[in-house]
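Engineer: turn this into a model:
(chains A and B)
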Amino acid sequence: MSETTTTTTKLFAQGGETAFPKIVLPEIPNLDKIEVYESRGGYVPLKKALAMPPDAVTEEVKKSNLRGRGGAAFPTGLKWTFMPKSREVPLAGSQTAGQTEKPKYLAVNADESEPGSFKDRQILEYNPHQLIEGILIASYAMGVKTAYIYIRGEYVKWTRLLQKAIDEAYAHGYIGENILGSNFSTNIYVHRGAGAYICGEESALMESIEGKRGYPRVKPPFPAQNGLWGNPTTINNVETITNVPAILSNGGEWFAKIGAPKHPGTLLFGVSGHVNKPGVYELPSGTLLTDIIYNYAGGVPGNKKIKMIIPGGSSMPPLRGDQLDGVRMDAESLKIVGSAIGTGGIIVIDEDTDLIKVLLRITKFYWHESCGQCTPCREGTGWMRKILQRMYEGAGKPEDLDLLVRVANNIEGNTVCALGDAAAWPVKFTIQRFRKELEEEILLQAKNAA
Amino acid sequence: MFTEENLRKVEELKKRYLKPQAALLQVLWIAQEQFGWISEEVMRYVADLLGLPFNQVLGVVTFYTMYNREPVGKYHVQVCANVSCMLLGSDNIVEHLERKLGVKIGETTPDKMFTLSEVECLGSCGTAPMMQVNDDYYENLTSEKIDRLLEEFKKQANQ
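Structural biologist: Numbering: from 1, shown residues only, chains lettered A, B, ... in the order given. Here you go, the predicted structure:
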């Protein structure tokens, strides 16, 4: 990044023939300051949106094919259309005067706690105003008057940075009453969690905003009908919302052409584990996994071989290191190879790593974070942990792998929320894809223990 | 029990939600800041303040791991032990801290200076291994870096 590019770079740059755009993490210094953000074209898309009918804003997002960046890759524009339409403001004296419409809410998920994911905090730190602008545009499109940002309790520094940015935006008239002279008013509040992975699940997140234990709700009803305090609510991830101002600026069609056609845009790939240059890389969706690991993240220390890769955060099915050629990082491509994009958190595990230890560590996490509401998950995660602990201590048998699969299968699909699946998949698919290695490890551990 | 300023904060927070009881998590944060931990007495006080049954407050305090249900040391050292940190040696970090502080995971030093905990993923996988001490993250840890930090904390505490 040279001086000249940083002093002239505008936000929402379209990218050129060879360069791809950096949509959510543009390389502009001090972008967290509102003056800098404004000087590079920030809050212009908001003005543009406020001059459009709300439905036209949603239509633009639909056209972009933006899909959620929080794990499920659900189409964002479609999600917004699930919210009931706002009625026209009733005129005084009309039949509907005095009738109040149900309040609508937007909850932005900044609970980032999936092991291997550390992308949203980059946005909170380096580009908080684009997130705020995205929230304002989304709120306008859906008729939302109160938005909450649910941030994990441990992110104290990022809560402060975010609150500072929100205060600045209030002071500049972007948040509050009659925003930029329009009829549109909304408030944005930061809601701090207190250490519970499950609150990243959208219905648990709403329970937590309501001041309760984070127990996921049974769906249906879905949040768009019955969300916060029984009112229509949409939950979107931080990265998802941060894309919105760029879509308004350059148009949905522009966005739809970036990266993988069925899952367009750029993605924030957080690369961790055994790589030389771990970090968050913003790249077009559909980038080759090997390109990310070897060209961007600098390859594996000591040029070791990769044994296993978890492509989208710890709940996603792992891939074998010897089957990475041609694998592309987008929702559809990963589905084909039997995994999922999740949060784009790539964990690289080298050939010298003990897979039982990895699996035990991952399973311990889900056991610890299970809310305890559903028996299969509450008990099953504990059983899997015990079996893996036994293997790790050298008291396991190769047949225990079948027992693990049986327990995992009895959790998967039998719980209120997706945490059950998230706990079952790593176990089930690691055994399916690394059976030989695991059997060897079990026998070796047993031999060492004896 | 709350200071005047904290009571004002509580009133502000209640306005942010359709039902003021929703401010519970945030009010508990204020309580933890003022008292250092959440005792039963504090829970009863917060319940009265928000018009909630004591059981709901107890339920919330026991559900979320960041509310301290007993006093912690002046410095709460929380080491991430999840998968990305584990791959880069968080086991050694924990061992080193246990040796240096002379306590095991979950314990507090006799001088009440340090509490050592192991925690789940803190969203710092690209800068592993790491730990959180009170509000702050310390990343890319090595034994030497930990030694330096512990010295700094001790110096700070004595000032």
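Engineer: spatially central, which residue of the chain would that be?
Structural biologist: Unless you meant another one, I'm taking chain A. Of all residues in chain A, the one closest to the mean position by CA atoms, centre = their mean is residue A:70, 2.2 Å from it.
Engineer: oops, wrong one, chain B.
Structural biologist: For chain B, the residue nearest the mean C-alpha position is residue B:66 (5.2 Å; CA atoms, centre = their mean).
Engineer: okay, now residue A:283: neighbour count?
Structural biologist: Other residues near residue A:283 come to 20 when the count uses other CB atoms under 10 Å in any protein chain shown. Glycine gets a C-beta too; all of them are placed from N, C-alpha and C.
Engineer: residues in contact with the helix or strand in which it is found?
Structural biologist: Counting by DSSP states H and E, the element that carries residue A:283 is strand A:279-284. By CB atoms under 8 Å, 6 or more residues apart in numbering or on different chains, the residues outside strand A:279-284 that reach it are A:20, A:22-25, A:118-119, A:122, A:258-260, A:265-271, A:292, A:296-297, A:329, B:126.
Engineer: redo that, cut-off 7 Å
Structural biologist: A:20, A:22, A:24-25, A:118-119, A:122, A:258-259, A:266-271, A:292, A:296, B:126 (CB atoms under 7 Å, 6 or more residues apart in numbering or on different chains).
Engineer: domain parsing for chain B?
Structural biologist: Chain B is divided into the following domains under automatic domain parsing: B:4-63, B:75-157.
Engineer: looking at these, which is closest to residue A:411?
Structural biologist: Taking CB to CB, domain B:75-157 is the member of the domains of chain B nearest to residue A:411, at 19.0 Å.
Engineer: so how far is residue A:280 from the residue nearest to the centre of chain A?
Structural biologist: 15 Å (CB to CB, to the nearest Å).
Engineer: now the closest residue to chain B within the stretch 351-450 of chain A: which helix or strand?
Structural biologist: Using CB to the nearest CB, the single residue of the stretch 351-450 of chain A nearest to chain B is residue A:361, 5.2 Å away. Residue A:361 belongs to helix A:355-369 when assigned by DSSP H and E.
Engineer: how about the helix or strand following that helix: buried residues?
Structural biologist: Downstream of helix A:355-369, the first helix or strand assigned by DSSP H and E is helix A:375-392. Buried residues in helix A:375-392, counted by 16 or more other CB atoms under 10 Å in any protein chain shown: A:376-385, A:387-388, A:390-392.
Engineer: now residue A:38: closest residue in space, sequence neighbours ignored.
Structural biologist: Excluding its sequence neighbours, the residue lying closest to residue A:38 (CB to CB, 6 or more residues apart in numbering or on different chains) is residue A:172, at 7.7 Å.
Engineer: mind showing which ranges of the chain have poor pLDDT?
Structural biologist: Picking chain A for this. For chain A, residues meeting the criterion pLDDT under 70 lie at A:1-8, A:16-18, A:87-100.
Engineer: you looked at the wrong chain, it should be chain B
Structural biologist: The model of chain B has no residue with pLDDT under 70.
Engineer: all helices of it, in order?
Structural biologist: Using DSSP state H, the helices of chain B run over B:4-14, B:24-35, B:40-50, B:54-63, B:83-87, B:90-101, B:143-158.
Engineer: winner for burial among the ones you listed?
Structural biologist: Across these, the average number of neighbours (mean count of other CB atoms under 10 Å in any protein chain shown) peaks for helix B:83-87, which reaches a mean of 27.
Engineer: what is that one packed up against?
Structural biologist: Counting contacts by 3 or more CB pairs under 7 Å, 6 or more residues apart in numbering or on different chains; DSSP states H and E, helix B:83-87 packs against strand A:266-273, strand A:345-350, helix A:355-369.
Engineer: what does the helix or strand where residue A:404 lies contact?
Structural biologist: Element membership of residue A:404, judged by DSSP H and E, is helix A:400-411. Outside helix A:400-411, the residues that touch it by CB under 7 Å, 6+ apart are A:376-377, A:380, A:383-384, A:387, A:391, A:420, A:423-424, A:427-428, A:431, A:435, A:438.
Engineer: so how far is that helix off the chain centroid?
Structural biologist: 28 Å (CA atoms, centre = their mean, to the nearest Å).
Engineer: can you pull the buried residues of it?
Structural biologist: By neighbour count with 16+ other CB under 10 Å, helix A:400-411 contains the buried residues A:400-401, A:404-405, A:407-408, A:410-411.
Engineer: sorry, back to before: for the domains of chain B, which one sits closest to residue A:200?
Structural biologist: The minimum distance between residue A:200 and the domains of chain B falls on domain B:75-157, with 10.8 Å, by CB to CB.
Engineer: start to end distance for that closest one?
Structural biologist: Domain B:75-157 has an end-to-end distance of 9 Å (CA to CA, to the nearest Å).
Engineer: also stretch B:117-137?
Structural biologist: Counting by CA to CA, you get 14 Å between the two ends of stretch B:117-137.
Engineer: next: stretch A:37-45.
Structural biologist: Taking CA to CA, stretch A:37-45 runs 12 Å from one end to the other.
Engineer: tell me where chain A has strands.
Structural biologist: Secondary structure of chain A (DSSP state E): strands at A:105-110, A:146-151, A:187-192, A:233-237, A:266-273, A:279-284, A:287-288, A:306-310, A:319-320, A:328-329, A:345-350.
Engineer: would the first one count as contacting chain B?
Structural biologist: No - Strand A:105-110 is not in contact with chain B by CB under 7 Å from any CB of the partner chain; minimum separation 8.7 Å.
Engineer: chain neighbours aside, what residue packs nearest to residue B:63?
Structural biologist: Once flanking residues are discounted, residue B:63 sits nearest to residue A:213: 4.1 Å by CB to CB, 6+ apart.
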